[in-house]
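Trainee: Quick one, structure for this:
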Amino acid sequence: METIDPQRDGSPSARPDPLVPVNAQAPGVFTLSDLLAVLDLDGDVPPVPARCLVSAHGGILGAQLLGQQIVLAERLAPGKTVHSLHTIFSRPGDCRQPLWVDVERLAHGGSIDALALSFRQGSLHICRADVMLRAAEADFLSVQASRVDLPGPEAGVPRPDRPMMPWEVRVLPRAEPHRLDQWQRIPDAGADPTVWRALLAHSCELLPLADLLAAAGIPPLPGERPQVAAAVLSQTVTFLDDLDVRDWHLFQVRTVHAGHGRAVGRIEVFGPDGVQRAAAEVVGLLRPARP
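Mentor: Have a look, this model is predicted:
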């Protein structure tokens, strides 16, 4: 069994430091293979090492962290799947420095597991996720939300300009000022349902604040100084049913509120049959960029 060496930032003495960032040559741009590589967390002796994608802003991508939380939680609780997670982001961190995950088991056994996953760099806390996992159970009562009134992906406009979503994306014409209807599918996502859930959570983190800024006419422009400082402060993701991201899914994103330097967005994810598969809520920070 590996031991903890307190002289090495609490990392296991028999385990090497996390590897260098995956896409070190292209900050802010990565392939699906790059993303799948950082999601491949393993280890049952905390702290668990985690690799990072290199971001354009130098911090650790919140979308990446959400995906890693799902993968690690399901690997630590075999036979169970994530039902919901709630993550608070405390610091942006440094994407070029080692990242470690401390694990606390809050509940274990029966139909429910609960874990607290704390990501840190040395002694600096980056984020914490409270994750609830469930065992498979038969339906006792079934109520499902569905949408059959929206056009399919063939009616959307391809959006290949989203570097942090390296897969097929099609956006429908805007039906409301602060609503985004986006179809997406990831044909090369592999056959692991855990990874599918991780990729869905990754997508949810990227959409609300970016769409709010785009709808307000202040999207970030490549090569120009940002007009707005934006960051996700917390995110909740709930999985309602099984899903396969290799098929089309509709992400319906709404801005619920923006004011006092904060913004709240909600996301509903529908499968190709129109049945809702997941839901998410994002609380973000918005303020004018410093000159």
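
Trainee: List the beta-bridge partners for G259.
Mentor: Here G259 sits in beta bridges with R262, going by DSSP bridges.

Trainee: swap in E281?
Mentor: With DSSP bridges applied, the residues forming beta bridges to E281 are T236, R266.

Trainee: number of nearby residues for it?
Mentor: Each residue near E281 was counted by other Cβ atoms under 10 Å, and the total is 17. (Each C-beta comes from the backbone N, C-alpha and C, glycine too.)

Trainee: ditto for the one 4 residues further on
Mentor: L285: 15 surrounding residues under other Cβ under 10 Å.

Trainee: and it, what pLDDT?
Mentor: pLDDT, the model's per-residue confidence, is 94 for L285.

Trainee: Please apply the same query to Q121.
Mentor: Model confidence at Q121, given as pLDDT, is 96.

Trainee: Could you verify my assumption that it touches W100?
Mentor: Yes. Using Cβ atoms under 8 Å, Q121 and W100 qualify as a contacting pair, with a distance of 7.3 Å.

Trainee: which residues touch the nearest residue to Q64 once chain neighbours are set aside?
Mentor: Leaving aside its chain neighbours, Q64 sits nearest to L53 (5.4 Å; criterion: Cβ to Cβ, 6 or more residues apart in numbering). L53 makes contact with 21-23, 30, 34-35, 38, 61, 64, 95, according to Cβ atoms under 8 Å, 6 or more residues apart in numbering.

Trainee: And these, which two are furthest apart?
Mentor: Pairwise distances across these (Cβ to Cβ) peak at 13.5 Å, for the pair L35 and C95.

Trainee: which of these two has more neighbours?
Mentor: Ranked by neighbour count (other Cβ under 10 Å), L35 and C95 place L35 first, with 27 against 24.

Trainee: Name the SS class of that one, please.
Mentor: Taken by DSSP: H, G, I helix; E, B strand; the rest coil, the conformation at L35 corresponds to helix.

Trainee: what does L199 give?
Mentor: Secondary structure assignment for L199 (three-state DSSP): helix.
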